[in-house]
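J.: Sequence and computational prediction follow.
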Number of protein chains: 2
Amino acid sequence: MTQTTRPYHHGDLRASLVDAGLEATRIGGPSSLVLRDVTRRVGVSANAAYRHFDDREALLAAVAVEILARVAKGMAPAEPVNGTERTRALERLRSVGLGYIDFARREPGWFSVVFFGWRTGEAVATPPPGPFVALTDALDAMVAAGALSEARRDGAEWLCWSAVHGFAELVLRGPLRDAPCDMVDHLAARTVDAIIAGLDATCDHRQ
Amino acid sequence: MTQTTRPYHHGDLRASLVDAGLEATRIGGPSSLVLRDVTRRVGVSANAAYRHFDDREALLAAVAVEILARVAKGMAPAEPVNGTERTRALERLRSVGLGYIDFARREPGWFSVVFFGWRTGEAVATPPPGPFVALTDALDAMVAAGALSEARRDGAEWLCWSAVHGFAELVLRGPLRDAPCDMVDHLAARTVDAIIAGLDATCDHRQ
DNA sequence: CTCCTATGTGTACAGTGTGAACATCGGTTT
DNA sequence: AAACCGATGTTCACACTGTACACATAGGAG
C-alpha cells in the first residue's frame, strides 16, 4: 500500500526512519545504521533524514529508545508465586539477570545499539529505563524479603549490571563468541548466581 | 620511546605503522585508527600499509597484540608475601581484577582496541594472553591455597572476567561514564569482592 | 651489469556523513 | 478566493574514508 505516484511528502517519515533503523541494526548493530541506506529503504533522499534528526547519532539514539520500549514491553510477566518471599525475590532477581543475557544473545545487534547508542554528549547519563528499573525493583524486593541487607543494597545495581553485561559482551564479541550454546547457558546461570551470592560479601577493604 | 624521526624511506615500516597506530588509538580507540592518517604520520603514502597488512583490521590486530605485550610486561610484580597462603591467593586474585579495571580506566582507547580489536571471526578465539593467564594463574593459586574448591574452579575465569569487564564497560561507555572517581573506585572494589565471594555460590539451579 | 622481487607511489573509484541552495506542499492569513 | 510561509523533501557538492590497480624504485642474486 505504498506507491501510487509517491507523494512529495512522505506520511510520517520520522517513524519510518526509526523502523528502517531497527531493521538495519538488528543484525549488524550500530555500525550497520548507515543514513544513505536507511533513507533508500524508506524511499526518500539521503538528506531527508536531517529534517528529523540532527545527526546519524541522533537517529541511532531514537532507534535505541524504540528498542528499549520493546524490551520493556516484552519482559513483564512470568513470575511464579510459589515459594517463600525470600526465594521469590531471589528468583526474580535471577530472572532479571538471565533476561538481560538472553536479550543480548537473541538480539545482539539491538543489544549493542541500546548500550552505546545513546549519545555521549549533553544527553543525560540516564541508564536505559526498561531493564534498569526492573533491576532496581528486583533488588528492592530482595531487601523487603530480607534477602539483602540495607547496607549492601546501595550500589548493588552496578555490581549486578557489571556481571551480566560483561558476560554478554564476552559472549557477543569476546572470547566466548564461539563457545557451544549449552556451555554459555551454564556459565550464564553461574555468573548470575555468583554475583547475587556475592552481594552479601563483606567489603571492608576500602583503602 | 624508540625512534623519533629516522629515514622512513627504508626503515622497517611495519613497526612504525604499529607505533603510529598505538599513538592514534590511545585516546579514541579502534575507530581512531584511520589508515590515511597513520600513514601520513609515518610519512609514507596511504597504500604503503598494504604491503604489510591485508586490511585496516589487520593493522588494528597488530596494534592490539602490541598493546597486550605492553600490558603483560607492566603487570608482573607487587605481590606482598605476608599473610597466610589463603589470604595471599585472595589478594592476588583481587589485584588481578582491579588491575584489569585500572587498565581500562587509565587507557580506555587501548582497552577497547584489545577487546574487540581482533575482529575477523576466522581468527582464533584465543583470549588476550597477558591478562588471561594472570587470571587463570591467580585462580589456580586460590585452589592450591584451599580458598576455592576444585568443583568451582572450572569456568571461574569467565565469571571473574565478566564482572570486571562489564564494570569497565559501564564506566567507559555506560551509565557510570560520568560517575565521580571515588565512587568508581569504591564500586570497583565491591564488584571484584562480590564476584570473588560469589565464586563459591551453590549453583544447583541448572534447569 | 642485468634482472628479480620486495617495497613504496599515484591514480582512481565506490561509499560515507553532512552542508547549502532549491522545490514542493499543507495550512494560515489576508 | 488568492497569496503567502514554514515545514518537509530533493539536488548538488565537498571532504573524507578504505582499497584496487598500474607504475616506480631500490637492493641483492645471477
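T.: Here it is on my side, so go on. Numbering: from 1, shown residues only, chains lettered A, B, ... in the order given.
J.: can you list the weak-confidence ranges in chain A?
T.: Applying pLDDT under 70 to chain A picks out residues A:1-6, A:8, A:75-80, A:117-129, A:202-207.
J.: what do you get if the cut-off is 80, keeping everything else the same?
T.: A:1-11, A:73-81, A:116-130, A:201-207 (pLDDT under 80).
J.: what about the helices in chain A?
T.: Using DSSP state H, the helices of chain A run over A:13-28, A:35-42, A:56-73, A:85-106, A:108-117, A:129-144, A:150-153, A:156-172, A:181-198.
J.: and DNA strand D, which of the ones you listed is closest to it?
T.: helix A:13-28 (3.6 Å; Cβ to the nearest atom of the strand). The C-beta positions use only the backbone N, C-alpha and C, and glycine is treated the same way.
J.: Check whether that closest one comes near DNA strand D.
T.: Yes: Helix A:13-28 reaches DNA strand D (Cβ under 7 Å from any atom of the strand) through residue A:13.
J.: Does that helix reach DNA strand C?
T.: No: if you take Cβ under 7 Å from any atom of the strand as the test, helix A:13-28 misses DNA strand C, and the best it gets is 10.0 Å.
J.: buried residues in that helix?
T.: A:13, A:16, A:17, A:18, A:19, A:20, A:21, A:22, A:24, A:25, A:26 (16 or more other Cβ atoms under 10 Å in any protein chain shown).
J.: what residues does it touch?
T.: The contact list for helix A:13-28 (Cβ atoms under 8 Å, 6 or more residues apart in numbering or on different chains) reads A:10, A:32-34, A:37-39, A:41-42, A:44, A:48-49, A:51-53, A:59-60, A:62-63, A:66-67, A:107-110, A:112-113.
J.: Which members of those additionally contact DNA strand C?
T.: Within the set of the contacts of helix A:13-28, contact with DNA strand C (Cβ under 7 Å from any atom of the strand) is found for A:33, A:34, A:37.
J.: for the residues you listed, which one is nearest DNA strand C?
T.: For these, the nearest to DNA strand C is residue A:34 (3.6 Å; Cβ to the nearest atom of the strand).
J.: count of neighbours near that closest one?
T.: 14 (other Cβ atoms under 10 Å in any protein chain shown).
J.: Contacts only, for it.
T.: Residue A:34 neighbours (Cβ under 8 Å, 6+ apart): A:24, A:56.
J.: Next, the distance between the ends of stretch A:42-56.
T.: The first residue of stretch A:42-56 is 16 Å away from its last residue (Cα to Cα, to the nearest Å).
J.: buried stuff in that stretch?
T.: Buried residues in stretch A:42-56, counting neighbours by 16+ other Cβ under 10 Å, are found at A:42, A:44, A:49, A:52, A:53, A:56.
J.: From residue A:169, how far out is residue A:194?
T.: Residue A:194 is 17 Å from residue A:169, where distance means Cβ to Cβ, to the nearest Å.
J.: do residue A:69 as well
T.: Taking Cβ to Cβ, one finds residue A:69 at 23 Å from residue A:169.
J.: who has more neighbours, the two?
T.: Between residue A:69 and residue A:169, counting by other Cβ under 10 Å, residue A:169 is the more crowded of the two (23 against 12).
J.: what sits against the more buried one?
T.: By Cβ under 8 Å, 6+ apart, the contact set of residue A:169 is B:115, B:162, B:165, B:166, B:169.
J.: For stretch A:91-106, give me every contacting residue.
T.: A:71, A:75, A:78-80, A:83, A:110-111, A:131, A:134-135, A:138-139, A:141-142, A:160, A:163-165, A:167-168, A:171-172, A:184, A:188-189, A:191-193, A:195-196, B:205.
J.: if we can go back for a sec, which among the contacts of residue A:169 gets closest to chain A?
T.: residue B:166 (2.5 Å; Cβ to the nearest Cβ).
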